[in-house]
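>>> Predicted structure and sequence below. I'll ask about it afterward.
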Amino acid sequence: MRHMATNEEKESLYDKLLLELRRGVLMLAVLSQLQEEQYGYSLKQSLDEQGMEINEGTLYPLLRRLESQGLLESDWQVVDDTRPRRYYKMSQEGEMVYANLVQEWQALGVVMDQLLGLKKK
Amino acid sequence: MDTNELIDRYVNEVGQHLPRKTRADIEMELRSLLLDTLEEQSGGEPTPKMAAEVLREFGHPEEIAAQYHADEYLIGPKLFPTYKVVVTITLVVIGVLHLVGLGFVLWQSAGTDIIDDSLATIFSFFRTAVINAGIVTLVFAVIERVAGDSLDVPQKQAKTWDPFELPPVKDPDRINRGEVVVEIFFLAAFAAWMNFFPNWFGAANFGEEGIFALFTPEFIALVPWFTASLLLDLVLKTAVFVQGRWYRITRWLEVAKDLFGLYVAYRVFALDEISIVPFFTWGAKAILAIVLLIGTLEIIGQLYRLLLGRPFTPKAFIKSRLV
């Protein structure tokens, strides 16, 4: 028999589901902001300002993962005599993948709106 | 403690949980990100309190280090079912051996120290079980590292497979590559153990009285035969692994290998003494008798299937005769 979930368990399950839902979306959001090169903090700022809040502990490791997958490229630069910063930008392969993903996103958006009853058929 | 010291400690702590290869690079980047964030949030005049706040926002050092790792497994989901089976078998075998051992000890002492002997057996069981489960885990972890990727379906096959070629349900010729790799590993390990570490093979430590070989020289003389049987099995399993399933030719080779195995088992069975301890000779002979009987039945079943092209089902066979 299934035991009744406590409020804490329900919250933790909700957090997990939310994390899963956001995972793919965050990747696309990050790519969208890296058509121009940016360093970590400026990227976080620009995402925050547009309403896509993302925790540092998620964002920075995600950048490295996307780079290891060949979608981003990075180098250390010193701009305006500040300390060295790592700048990220979409690679050529990343741009191709991004264009395809944007199309998928649009199609998914239409379908999901219908499924969720957010838009009339 | 000043802000730099705080950040140094945090970065160092994260680094402790990162692989050596990427540690320095991630540490450098993390430091730069923390300084950027702190500078921005403090308007250029950071205090240790603000630094602590920024670090809390970034998250616990172990948590953030974990985010930098890809999904890593000690034993991946493909090998895990086989791992569970092997651990269970290992524990059952250890349990049975301990029960036999206890029986032997009680038989020798005529049951005078039944409580002490039973407790000693229970402790020994747990100790041996933990050590062996650990060894099995290590072996599987090595297999995961070495052969983990080859357990995946090759990409070409994944794209071009034909649903009409799916094997029938309960197809005995179907193999699980993970299981076969494990079998190959244990066959090789067992052969190596018998041949390269003869001192560990069948020796019993009687404390002050020294170490005694449990097996007779006649039995030890048969070790090369055992090895040959194991190597035959090893070559066959490797061929089956490469081919991905059993075919008619490998099934015939299996019959030949099993016949050879039965012959070796029979030669051991026919020895006057297998062990210098009579109890073990009787035990071994009893087990060998069962092995010979089951082995013979299996070979008959295999031949039946190979020659008539249908599974050997004794129950159905007897029923059809009765009708």
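Looks like it arrived, so ask away. Residues are numbered from 1 along each chain as shown, chains lettered A, B, ... in the order given.

>>> Tell me which residue lies nearest the centroid of the chain.
Looking at chain A here, since you left the chain open. residue A:26 (1.7 Å; C-alpha atoms, centre = their mean).

>>> you looked at the wrong chain, it should be chain B
residue B:136 (4.5 Å).

>>> what helix or strand is that one on?
helix B:114-147 (DSSP states H and E).

>>> continuing past that helix, what's the next helix or strand?
Taking DSSP H and E, what comes next after helix B:114-147 is helix B:155-160.

>>> Toward the C-terminus from that next one, list the very next helix or strand.
helix B:177-196.

>>> what does that next one rub up against?
Helix B:177-196 has contacts (C-beta atoms under 8 Å, 6 or more residues apart in numbering or on different chains) with B:78-79, B:81-82, B:86, B:139-140, B:143, B:147, B:150-151, B:200-201, B:223, B:226-227, B:230-231, B:233-234, B:237-238, B:240-241, B:244. C-betas here are computed from N, CA, C, even on glycine.

>>> Ok, stretch B:281-300 next?
B:100, B:255, B:258-259, B:261-262, B:265-266, B:268-269, B:273-275, B:312.

>>> where along the chain do the helices fall?
Let's take chain A. Ranges of helices within chain A are A:7-33, A:40-49, A:56-68, A:92-115, based on DSSP state H.

>>> that's the other chain; I wanted chain B
For chain B, the helices defined by DSSP H occupy B:3-16, B:20-42, B:48-58, B:61-68, B:80-109, B:114-147, B:155-160, B:177-196, B:217-220, B:223-243, B:248-269, B:278-308, B:314-322.

>>> and these as a markdown table, adding distance to residue A:61 and mean pLDDT?
Listed next are these as a markdown table, based on distance: least, C-beta to C-beta, whole Å; pLDDT from 0 to 100:
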| stretch | distance to residue A:61 | mean pLDDT |
| --- | --- | --- |
| helix B:3-16 | 11 | 91 |
| helix B:20-42 | 9 | 90 |
| helix B:48-58 | 11 | 91 |
| helix B:61-68 | 4 | 88 |
| helix B:80-109 | 26 | 84 |
| helix B:114-147 | 23 | 89 |
| helix B:155-160 | 27 | 74 |
| helix B:177-196 | 30 | 83 |
| helix B:217-220 | 58 | 85 |
| helix B:223-243 | 37 | 90 |
| helix B:248-269 | 47 | 92 |
| helix B:278-308 | 53 | 88 |
| helix B:314-322 | 59 | 64 |
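
>>> Out of these, which is closest to residue A:19?
helix B:61-68 (11.6 Å; C-beta to C-beta).

>>> So what's the residue count around residue A:75?
11 (other C-beta atoms under 10 Å in any protein chain shown).

>>> Get me the contact residues on chain B for chain A.
By C-beta under 8 Å from any C-beta of the partner chain, the residues of chain B that approach chain A are B:26, B:29-30, B:32-33, B:35-37, B:40, B:57-59, B:63-64, B:67-68, B:70.

>>> which among those end up buried?
B:26, B:29-30, B:32-33, B:35-37, B:58-59, B:64, B:67-68 (16 or more other C-beta atoms under 10 Å in any protein chain shown).

>>> Of the residues you listed, which pair is most distant in space?
Pairwise distances across these peak at 19.6 Å for B:35 and B:67 (criterion: C-beta to C-beta).

>>> Around residue B:169, count how many other residues there are.
6.

>>> got the phi/psi numbers for it?
Note on residue B:169: backbone dihedrals following degrees, to the nearest 10 are phi -60, psi 140.

>>> pLDDT score assigned to it?
Residue B:169 carries a pLDDT score of 74 in this model.

>>> Equivalent analysis for residue B:210, please.
pLDDT, read off for residue B:210, is 52.

>>> ok so, going back, out of the contacts of stretch B:281-300, which two sit at the greatest distance?
Taking C-beta to C-beta as the measure, these span a maximum distance of 36.5 Å, between B:273 and B:312.

>>> what's near enough to touch the closest residue in space to residue B:219 that isn't next to it in sequence?
If the residues on either side of it in the chain are set aside, residue B:219 comes closest to residue B:274, at 5.1 Å by C-beta to C-beta, 6 or more residues apart in numbering or on different chains. Listed by C-beta under 8 Å, 6+ apart, the contact partners of residue B:274 are B:215, B:216, B:218, B:219, B:268, B:280, B:281, B:284, B:285.

>>> Any residues of chain A in contact with chain B? List them.
So chain A meets chain B at A:39-41, A:44-45, A:55-58, A:60-61, A:64-65, A:83-86 (C-beta under 8 Å from any C-beta).

>>> and those residues, which are buried?
Of the residues of chain A next to chain B, these count as buried by 16+ other C-beta under 10 Å: A:39, A:40, A:41, A:44, A:56, A:57, A:58, A:60, A:61, A:64, A:85, A:86.

>>> of those residues, closest to residue A:33?
Using C-beta to C-beta, those come closest to residue A:33 at residue A:44, 9.7 Å.

>>> Help me confirm that the closest one comes into contact with residue A:56.
Yes - in this structure, residue A:44 is within contact of residue A:56 by C-beta atoms under 8 Å, at 6.7 Å.

>>> Can you work out which residues contact both of these two?
In contact with both residue A:44 and residue A:56: residue B:37, using C-beta under 8 Å, 6+ apart.

>>> Residue B:87 and chain A: what is the separation?
Distance, residue B:87 to chain A, using C-beta to the nearest C-beta, to the nearest Å: 28 Å.

>>> Tell me who's in contact with that residue.
B:133, B:136, B:137.

>>> so the first one makes contact with residue B:92?
No - with contact defined as C-beta under 8 Å, residue B:133 does not count as touching residue B:92 (11.9 Å).

>>> between those two, which one's more packed in?
residue B:133 (16 against 10).

>>> Let me see the mean pLDDT of stretch A:100-117.
In this model, stretch A:100-117 has a mean pLDDT of 95.

>>> What residues sit buried inside that stretch?
Quick answer for stretch A:100-117 (16+ other C-beta under 10 Å): residue A:101.

>>> ok now that stretch, how far from the chain's centre?
With C-alpha atoms, centre = their mean, to the nearest Å as the basis, stretch A:100-117 stands 17 Å off its chain's centre.

>>> what's in contact with that stretch?
By C-beta under 8 Å, 6+ apart, stretch A:100-117 touches A:28, A:31, A:118, A:119, A:121.
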